[in-house]
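**Q** okay, predicted coordinates and the sequence, questions at the end:
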2 protein chains.
Amino acid sequence: MPVNLTAPNPAHLPAVAGVRIGVAEAGIRKLNRKDLTVVLIDEGASVSGVFTQNRFCAAPVQVCREHLAADQGIRAMVINTGNANAGTGQEGLARARSTCQSLADLLGLAPAQILPFSTGVIMEPLPLERIVAGLPSALADASPAHWVRAAEGIMTTDTIAKAFGAQVMIGGTLVSISGISKGAGMIRPNMATMLGFMATDACVSQGVMQQLALELAEGSFNRVTVDGDTSTNDSFVVIASNKAAHAPIGSLASPEGQALKAAMLSVARQLAQAIVRDGEGATKFITIQVEGGKTSAECRQVAYAIAHSPLVKTAFFASDPNLGRILAAVGYAGISDLDQSGIDLYLDDVHVAIQGGRHPAYREEDGQRVMKQSEIAVRVMLGRGSASDTVWTCDLSHDYVSINADYRS
Amino acid sequence: MPVNLTAPNPAHLPAVAGVRIGVAEAGIRKLNRKDLTVVLIDEGASVSGVFTQNRFCAAPVQVCREHLAADQGIRAMVINTGNANAGTGQEGLARARSTCQSLADLLGLAPAQILPFSTGVIMEPLPLERIVAGLPSALADASPAHWVRAAEGIMTTDTIAKAFGAQVMIGGTLVSISGISKGAGMIRPNMATMLGFMATDACVSQGVMQQLALELAEGSFNRVTVDGDTSTNDSFVVIASNKAAHAPIGSLASPEGQALKAAMLSVARQLAQAIVRDGEGATKFITIQVEGGKTSAECRQVAYAIAHSPLVKTAFFASDPNLGRILAAVGYAGISDLDQSGIDLYLDDVHVAIQGGRHPAYREEDGQRVMKQSEIAVRVMLGRGSASDTVWTCDLSHDYVSINADYRS
């Protein structure tokens, strides 16, 4: 059961002019499951992506990077679940390229105009024939109204589809934003999470698209973690179809650039947080805010130490205010000159620790009350500067172990 | 159930001349439980210790560092379970000092000749009165034969006592080595693990004791991990009572120094590995050997990434050869110039991956066979140098979650 997250309503996902989506059941790993998605993009769109920093990046990630660098104009994406095509060596690369070639042939495009994505089990051969066989049916399904279908089509251990949209006025024109994401485990994005896609009909120069994708990822997917495992396949792609009737945005610092980025960031954050809310076995959604650091990097380092501690995560699962575990994680986060006597800890509004020790007024019942909530804010003040950062995570439950012990069965 | 680890036999723990141990039930957190241990050391011993690098180090760790630096000759140690006296601020420090003062008064020593140790829940006030009240009964129990009793006296979530001994010829004299350790969770020692103590009657100059403690910790406790959580209280103390009839060891590089260090390291490794074998919820003991790195530091970094991955650990628990997860962990370990096409992976004798992809001859049954064992060796070849390092860890099971969700109840 995801934490405070309901299935997306297709009515809330605006169509984005110039973008159509088709989904098929290709039987890639299991039968009767939407597992193949094609995104068709009209000519003239600006497209950029950010990808996993995992050195064992998957074959499709390598091909995406090549094709974006080739700069021939991205016109389609093809996404399969059931197989990650990672840890598959040269043969895996060849199969990712063949997937692009097949779709390019069907659409009359060059292979370098296609971006491939895969998600699923690592180190098993990609069932290329099934993907190729499923492409015509995915293409036949293409429609601008299929955002929620696409969100369903890219699910793996997700229990719920993740899709969010928004509309915003840019240069006097109402533009649409829709996005989807997937992921529940192996989530500690380091550039972006395992498959996030956003599209807008706003007009954005290709020159600023990469910066836009980076900034969106930094403010959303790069701030969530479920289990600290950075996936081999993390990919986040942003499409601006350039169909809206306003002047193109040439700088993110312009009023229009700022307005578009803010609206897109809001959607990206919902997509990223949805991954945590649907984190494998998650029963709680936890916001970890670290303040008073010398740099935001060290605040992030502390926030991730807390977010990845199995002891902190199991305490949240148990609703047990065993909050010394949070202090221990702060202490081993790797800030070598950290002075424990400067540290305060809050749980929501409850002041738990002051100057590195338990607050005299802190009562176990107050900690207990907050720990029982499904949404909890942890606030750590480092007392050594004015920087801050925030990370979102979930608890570690029996179901996480069950899901990952049984993943392939 | 610990993995291939049985209760220690007192007959295998040699008495160490000059060292006596007494244990009492002080009711610190629960009644009818050995929870207070005193180690009495004859005058003239060489003593050194290494302690947690956690910046939130516990009050007793701070006091240990002070007292060792004061160099007045360590004559006793006092160890309580049931409370870590960490995250307790100035009041915690005062209580750790009071504990030393009380024992010093009973023994006619200075407080700086006492080393205090605490283990248990973090951020709760140390029940000083109960400890002080229990000291006379612990002292009355003192005997050179009580190593196994001491191992029992320092247990918390441990399911089994951990004590190992050895005897070795040094300069024509047979010297004895005995050691104990405790710990099962919050285990990712960064200097030493949550309470390890070793003693020998060998003669070792104080001048080389710190180096000896460091090298023993580096080769043992600093190579194990259960959950990646570095404790606030990690302490490892080495005592040389200098009672044996050989010439004092003034250099670890001398033949006698090397022989003693090798014998002590063998005991230290058993103590450290015992912590993993008894890791919270552990069902498997896993050796992770990384070879072919540019430096041993980067090999260690890769080994810890694998050892800390919840996905790898749950796969071991499930005996599921979902070995792509190991490659993913290698990829995100943080070696920015790692080339995946140079990487090989073995599981025991099974060649799983070659040049970054699945080995053509690899069969799922072979991986399955190894994964079902209770002791598994993972071997990763990075193919970029000649350095190597090894880390020992365990799997992540339902019981880990249960134990840590219920820890305080």
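**A** That came through fine. Residues are numbered from 1 along each chain as shown, chains lettered A, B, ... in the order given.
**Q** which residue packs closest to residue A:358, ignoring adjacent ones?
**A** For residue A:358, ignoring the flanking residues on the chain, the nearest one in space by CB to CB, 6 or more residues apart in numbering or on different chains is residue B:123 at 5.1 Å. In this view, the C-beta of every residue, glycine as well, is placed from N, C-alpha and C.
**Q** residues contacting the one you found?
**A** Taking CB atoms under 8 Å, 6 or more residues apart in numbering or on different chains, we find residue B:123 in contact with A:323-324, A:327, A:353, A:357-358, B:86-88.
**Q** and the longest helix anywhere in chain A, what other elements does it pack with?
**A** Criterion DSSP state H: the longest helix present in chain A is helix A:255-277. Counting contacts by 3 or more CB pairs under 8 Å, 6 or more residues apart in numbering or on different chains; DSSP states H and E, helix A:255-277 packs against strand A:162-170, strand A:173-181, strand A:196-200, helix A:206-218, strand A:285-293, strand A:387-394.
**Q** enumerate the positions of that helix that are buried.
**A** For helix A:255-277, burial by neighbour count (16 or more other CB atoms under 10 Å in any protein chain shown) applies to A:256-257, A:259-261, A:263-277.
**Q** how about residue A:143, phi and psi?
**A** The phi and psi values for residue A:143, taken as degrees, to the nearest 10, are phi -160, psi 150.
**Q** test my guess that it contacts residue A:22.
**A** Yes. Using CB atoms under 8 Å, residue A:143 is in contact with residue A:22, at 7.1 Å.
**Q** more crowded one of those two?
**A** residue A:22 (22 against 13; other CB atoms under 10 Å in any protein chain shown).
**Q** shouldn't the more buried one be within a strand?
**A** Yes. Remark: residue A:22 belongs to a strand, assigned using DSSP: H, G, I helix; E, B strand; the rest coil.
**Q** ok now do it, which residues does it touch?
**A** Taking CB under 8 Å, 6+ apart as the test, what residue A:22 contacts is A:37-38, A:40, A:137-143, A:146.
**Q** one more time with 7 Å
**A** The contact partners of residue A:22, by CB atoms under 7 Å, 6 or more residues apart in numbering or on different chains, come to A:38, A:138-142, A:146.
**Q** for residue A:352, list the residues it contacts.
**A** Each residue near residue A:352 by CB under 7 Å, 6+ apart is listed here: A:323, A:345-346, A:359, A:362, A:367.
**Q** burial count for residue A:90?
**A** 12.
**Q** ditto for residue A:382
**A** Residues lying near residue A:382 (other CB under 10 Å) number 23.
**Q** next one: residue A:245
**A** 12.
**Q** how near is the residue lying closest to residue A:223 once chain neighbours are set aside to residue B:214?
**A** On the basis of CB to CB, 6+ apart, the spatially nearest residue to residue A:223 that is not a chain neighbour turns out to be residue A:391, at 5.2 Å. According to CB to CB, to the nearest Å, residue A:391 stands 34 Å off from residue B:214.
**Q** between the two, which has more neighbouring residues?
**A** Comparing residue A:391 with residue B:214 by other CB under 10 Å, the one with more neighbours is residue A:391, at 25 against 17.
**Q** that one against residue A:306, yeah?
**A** No. Using CB atoms under 7 Å, residue A:391 is not in contact with residue A:306, being 8.0 Å away.
**Q** check contacts around the closest residue to chain B within the stretch 101-250 of chain A.
**A** With CB to the nearest CB, the shortest gap between the stretch 101-250 of chain A and chain B falls at residue A:122, namely 2.4 Å. Counting by CB under 7 Å, 6+ apart, residue A:122 makes contact with A:84, A:86-87, A:232, B:324-325, B:327-328.
**Q** and for residue A:23?
**A** A:34, A:36-37, A:138, A:141, A:146, A:149-150, A:153.
**Q** and which of the contacts of residue B:123 is nearest residue B:302?
**A** residue A:327 (29.2 Å; CB to CB).
**Q** what's the closest non-adjacent residue to the closest one?
**A** Distances taken as CB to CB, 6+ apart place residue B:87 nearest to residue A:327, at 4.3 Å, with adjacent residues excluded.
**Q** how about residue A:146?
**A** Nearest to residue A:146 is residue A:21, by CB to CB, 6+ apart, at 4.0 Å.
**Q** phi, psi for residue A:374 please.
**A** Per-residue torsions, residue A:374: phi -90, psi -10 (degrees, to the nearest 10).
**Q** wait, doesn't it sit right on residue A:277?
**A** No. Residue A:374 lies out of contact with residue A:277 (CB under 7 Å); the separation is 9.5 Å.
**Q** find the residues that touch each one of those two.
**A** A:3-4, A:285.
**Q** just checking, residue A:232 touches residue A:58?
**A** Yes. Assessed by CB under 7 Å, residue A:232 is found in contact with residue A:58 at 4.7 Å.
**Q** comparing the two, which shows the higher neighbour count?
**A** residue A:58 (35 against 32).
**Q** what about that one, distance to residue B:42?
**A** 63 Å.
**Q** just to be sure, residue A:102 is in a helix?
**A** Yes. Under three-state DSSP, residue A:102 sits within a helix.
**Q** quick one: distance of the helix or strand where residue A:237 lies to the chain centre.
**A** Secondary structure assignment for residue A:237, by DSSP states H and E: strand A:235-240. Chain-centre distance of strand A:235-240: 11 Å, with CA atoms, centre = their mean, to the nearest Å.
**Q** could you do stretch A:30-50 as well?
**A** Centre to centre, stretch against its chain (CA atoms, centre = their mean), the figure for stretch A:30-50 is 16 Å.
**Q** gap between the two ends of it?
**A** Chord length of stretch A:30-50, first to last residue, is 29 Å (CA to CA, to the nearest Å).
**Q** which parts of the stretch 51-200 of chain A are helices?
**A** A:59-70, A:89-107, A:128-140, A:147-153 (DSSP state H, counting those that start in this stretch).
**Q** got the residues of the stretch 51-200 of chain A near chain B?
**A** Contacts of the stretch 51-200 of chain A with chain B, taken as CB under 7 Å from any CB of the partner chain, map to A:54-57, A:86-92, A:121-123, A:185-186, A:190.
**Q** what about residue A:384, how many neighbours?
**A** Close neighbours of residue A:384, defined as other CB under 10 Å, add up to 16.
**Q** domain map for chain A?
**A** Chain A resolves into domains spanning A:10-277, A:285-405 when parsed by automatic domain parsing.
**Q** reformat those as TSV; add mean pLDDT.
**A** Shown next, in TSV, are the domains of chain A (pLDDT from 0 to 100):
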stretch	mean pLDDT
domain A:10-277	89
domain A:285-405	92
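**Q** looks like residue A:400 contacts residue A:280 (just checking).
**A** Yes. The pair formed by residue A:400 and residue A:280 meets the contact definition of CB under 7 Å, at 4.9 Å.
**Q** which one of these two is surrounded by more residues?
**A** residue A:400 (30 against 27).
**Q** report the separation between that one and chain B.
**A** Residue A:400 sits at a distance of 7 Å from chain B (criterion: CB to the nearest CB, to the nearest Å).
**Q** cool, residue A:316 as well?
**A** 9 Å.
**Q** who's in contact with that residue?
**A** Per CB under 7 Å, 6+ apart, neighbours of residue A:316: A:284, A:286, A:371, A:376, A:395.
**Q** please redo it, this time with the cut-off set to 6 Å
**A** Counting by CB atoms under 6 Å, 6 or more residues apart in numbering or on different chains, residue A:316 makes contact with A:284, A:395.
**Q** tell me which element it is part of?
**A** For residue A:316, the host element (DSSP H and E) is helix A:310-317.
**Q** tell me how far that helix is from the chain's mean position?
**A** Relative to where its chain is centred, helix A:310-317 has its mean C-alpha point 23 Å off (CA atoms, centre = their mean).
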